[in-house]
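Trainee: Model the following, please.
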Amino acid sequence: MKIILLGATGLVGRAVAAALEPRHEVVPVSRSSPIGADLEDPASLDALFDTGADAVVCCAANVPLRPLGGLTDAQVLDDLRAKLLGQVALARRAAGRLPAAGSITLTGGT
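Mentor: Residues are numbered from 1 along each chain as shown. Sure, this is the predicted structure:
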């Protein structure tokens, strides 16, 4: 399988890549990789699927870990846009571009 791996340079992404690479072709993606993407940039997500991938795994996180009790409403909304809504946008695009037997895997945080 050819797998797009978002967040490939992070702690979780590197571990996922190491587990997948012996059996699959992994396309590593981060905001700074040759094939770059940002969950908050729809055009960059669309471009990912020009690689002809069979699956997508999202380990990307652009949200700082902070105590829940100290978050403002604005911070919560910003974090939802950066992580949750970005993953929803990715999944929507992947669903229309991956083959019928393709898969979408989204990861959570702490």
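
Trainee: for the helix or strand harbouring Val26, packing partners?
Mentor: Secondary structure from DSSP states H and E places Val26 in strand 25-29. Where contact means 3 or more C-beta pairs under 8 Å, 6 or more residues apart in numbering; DSSP states H and E, strand 25-29 is packed against strand 2-6, helix 11-20. Quick note: C-beta positions are derived from backbone N, CA and C, even for glycine.

Trainee: Give me the distance between that strand and the centre of its chain.
Mentor: 11 Å (C-alpha atoms, centre = their mean, to the nearest Å).

Trainee: next helix or strand past that strand?
Mentor: Criterion used, DSSP H and E; the element after strand 25-29 is helix 42-48.

Trainee: nearest spatial neighbour of Arg66, skipping sequence neighbours?
Mentor: Gln75 (7.4 Å; C-beta to C-beta, 6 or more residues apart in numbering).

Trainee: buried sites along the host helix or strand of the one you found?
Mentor: Assigned by DSSP H and E, Gln75 belongs to helix 73-79. The neighbour-count check on helix 73-79 (16 or more other C-beta atoms under 10 Å) flags Asp79 as buried.

Trainee: packing partners for it?
Mentor: Counting by 3+ C-beta pairs under 8 Å, 6+ apart, helix 73-79 packs on no helix or strand.
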